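Enquirer: this is a predicted model, with the sequence first.
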Amino acid sequence: MDNGYSQEYVAEVLGVSQKTYSNMENDKSNISFDTVKQLIEFYNIDISNIDISKFVTEGKLIEQTLETNDNDSNAFASAVSEKLIMQMEERIEELKARIRDLENQLR
């Protein structure tokens, strides 16, 4: 609702039932990497804000993720890594510009 979407709508986008999506939101069920990838893209989420501890239990990926195809997990990790690198590069450029502005103000 915070983003203007109902659970029903987001569930439809994800291809799951509203109940399943509600359970994901309320930490009552695990979320697969594929679903996380869909949510990242749908909400245009800055992946540096994702708490990856939700996907790791005692150093292992959650059970639902282990059930997915290794290629899917690798593709997701690669896509996340690429997006994270792009976001970090953008932040670096923004910070460089901010530093230049502050240096100019000091002169």
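Expert: Everything's here; your move.

Enquirer: what packs against the helix or strand where Asp34 lies?
Expert: According to DSSP states H and E, Asp34 maps onto helix 33-43. Helix 33-43 sits against helix 7-14, helix 70-106, with contacts defined as 3 or more CB pairs under 8 Å, 6 or more residues apart in numbering; DSSP states H and E. Just so you know, the C-beta spots here come from the backbone N, C-alpha and C atoms, and that holds for glycine as well.

Enquirer: which strands and helices sit next to the following helix or strand past the first one?
Expert: Secondary structure here is assigned by DSSP H and E; on that basis, the next helix or strand after helix 7-14 toward the C-terminus is helix 18-25. Other helices and strands packing on helix 18-25, by 3+ CB pairs under 8 Å, 6+ apart, are helix 7-14.

Enquirer: who's in contact with the helix it packs on?
Expert: The contact list for helix 7-14 (CB atoms under 8 Å, 6 or more residues apart in numbering) reads Ser17, Gln18, Thr20, Tyr21, Ser22, Glu25, Thr35, Gln38, Leu39, Phe42.

Enquirer: quick one: buried residues of that helix?
Expert: Neighbour counts using 16 or more other CB atoms under 10 Å place Gln7, Val10, Ala11, Leu14 of helix 7-14 among the buried residues.

Enquirer: follow-up on the earlier one: please point out which parts of the helix holding Asp34 sit buried.
Expert: For helix 33-43, by 16+ other CB under 10 Å, it's Phe33, Asp34, Thr35, Val36, Lys37, Gln38, Leu39, Ile40.

Enquirer: same check, this time on stretch 24-33
Expert: Neighbour-count burial for stretch 24-33 [16+ other CB under 10 Å]: Met24, Asn30, Ile31, Ser32, Phe33.

Enquirer: sounds good, over and out.
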